[in-house]
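[1] Predicted structure and sequence below. I'll ask about it afterward.
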Amino acid sequence: MDLRKFEVFSLAVQLGNLSKVGDALGYTQSGVSHMMKNLENELGFKLLVRSRSGIRPTPEGELLLPIIQKMLNCNEQFEQTAASINGLNVGRLRIGAYASVAWHWMPTIINTFREAYPDVKVMLYEGDADEMEENLEKGFIDCAFISKQPHHTADWVPLRKESLVAIIPSNHPLKDADEFPISAFRDESFILTAKGLDYDVNRIFSTYNITPKVMFNTINDLTTISLVKGGAGTSIVTKLSIKDHLNTICWKKLNPPQFRELGILLPSLSEASPAMKKFIDCTKQLVDNNIV
């Protein structure tokens, strides 16, 4: 059984584009297409539907996908465990992360890890909370750097308590205040960053019985910051997301103070591959020593 064909199929469903699959795995697009055609011929039915907008699995492909993904994950864990027994550190890790974490943490974490384990391939995927939880459940990623939510049932590795702050236009009436009261959001035009922060912000507003006047929904922190700077409204973001903008944007501590717990979500810590356990240990050391 040639697992490379199944790996191509799994990644094709995740990325929705055969060219991207080839780039990720080091194959030409024609090579990827050839492997998929061979796999479909072996099985006797189509796995993918191709269209101008990309590719998606057929009903038969949807049925086989979770089984194939489990098979690939088990094979990866087998190879890593066997290599670990032999004193080798090899394997592949697929890491999901919020954009702010990918931008500010991941370069240091990945570079530090690769210096210690150069033969472990690390693949990074940015996404919002819903995307990462879905990809984790389907087995497309091995772990997710995400904020802790009440509905999470997978294993959790806490990393850091992260401050949430208010960002406001430079001419806002509270521009000189030390803090921004959460109750003030009742009268504010609000910009909601829906890629990762929606759970945490909605939790705050629900706790204080506030229905915000959401004027814009953005998909990343940079757009939210730009809109606030332009005077379009106020927002709540993590302090990490404005790390590079602390001197160029008006930001305030929230009153009462608000936090979210940032950590690593993964299906099973005890059953994680040797490479994943080493990656988590590396991350914890960097976080505990305030290097990231």
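    Great, that's in hand. All values derive from a computational prediction rather than experimental measurement.

[2] quick one, strands of the stretch 1-150 of the chain?
    Taking DSSP state E, counting those that start in this stretch as the test, the strands found in the stretch 1-150 of the chain are 48-51, 54-57, 91-97, 120-126, 143-147.

[3] most packed of the ones you listed?
    Ranked by mean neighbour count under mean count of other C-beta atoms under 10 Å, the strands of the stretch 1-150 of the chain are led by strand 143-147, which reaches a mean of 24. Quick note: C-beta positions are derived from backbone N, CA and C, even for glycine.

[4] Run the angle between it and strand 91-97 for me.
    With axes from the mean of the first three to the mean of the last three C-alpha atoms, to 10 degrees defining the directions, strand 143-147 sits at 20 degrees from strand 91-97.

[5] hey, C-alpha coordinates of strand 143-147 in PDB?
    What follows is strand 143-147, C-alpha atoms only, in PDB (Å, rounded to 0.1, in the frame of the first residue of the first chain):
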ATOM      1  CA  CYS A 143      -2.100  20.500  17.600                       C
ATOM      2  CA  ALA A 144      -3.500  24.000  17.700                       C
ATOM      3  CA  PHE A 145      -2.200  27.100  19.500                       C
ATOM      4  CA  ILE A 146      -5.500  28.500  20.600                       C
ATOM      5  CA  SER A 147      -7.300  30.100  23.600                       C
END
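
[6] Tell me which helix or strand comes right after that strand.
    Proceeding N to C from strand 143-147, the next assigned helix or strand is strand 155-168, under DSSP states H and E.

[7] quick one: contacts for the closest residue to residue 198 other than its chain neighbours?
    Once flanking residues are discounted, residue 198 sits nearest to residue 192: 6.4 Å by C-beta to C-beta, 6 or more residues apart in numbering. Residues near residue 192 by C-beta atoms under 8 Å, 6 or more residues apart in numbering: 198, 201, 212, 214, 216-218, 235.

[8] So which of those sit within strands?
    214, 216-218, 235 (DSSP state E).

[9] now residue 86: how far from residue 229?
    55 Å (C-beta to C-beta, to the nearest Å).

[10] These two - which one has more neighbours?
    Using other C-beta atoms under 10 Å as the criterion, residue 86 and residue 229 rank with residue 229 on top: 16 against 9.

[11] who touches that one in this structure?
    Going by C-beta under 8 Å, 6+ apart, residue 229 touches 169-170, 248-249.

[12] Could you export those residues as JSON lines, including neighbour count, pLDDT and distance to residue 51?
    Shown next, in JSON lines, are these (neighbours: other C-beta atoms under 10 Å; pLDDT from 0 to 100; distance: C-beta to C-beta, whole Å):
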{"residue": "169", "neighbour count": "18", "pLDDT": "97", "distance to residue 51": "44"}
{"residue": "170", "neighbour count": "11", "pLDDT": "95", "distance to residue 51": "47"}
{"residue": "248", "neighbour count": "11", "pLDDT": "93", "distance to residue 51": "43"}
{"residue": "249", "neighbour count": "18", "pLDDT": "95", "distance to residue 51": "42"}
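
[13] Most widely separated two among these?
    169 and 248 (12.5 Å; C-beta to C-beta).

[14] in the stretch 51-200 of the chain, what spans have low per-residue confidence?
    The model of the stretch 51-200 of the chain has pLDDT under 70 over residues 87-88, 195-197.
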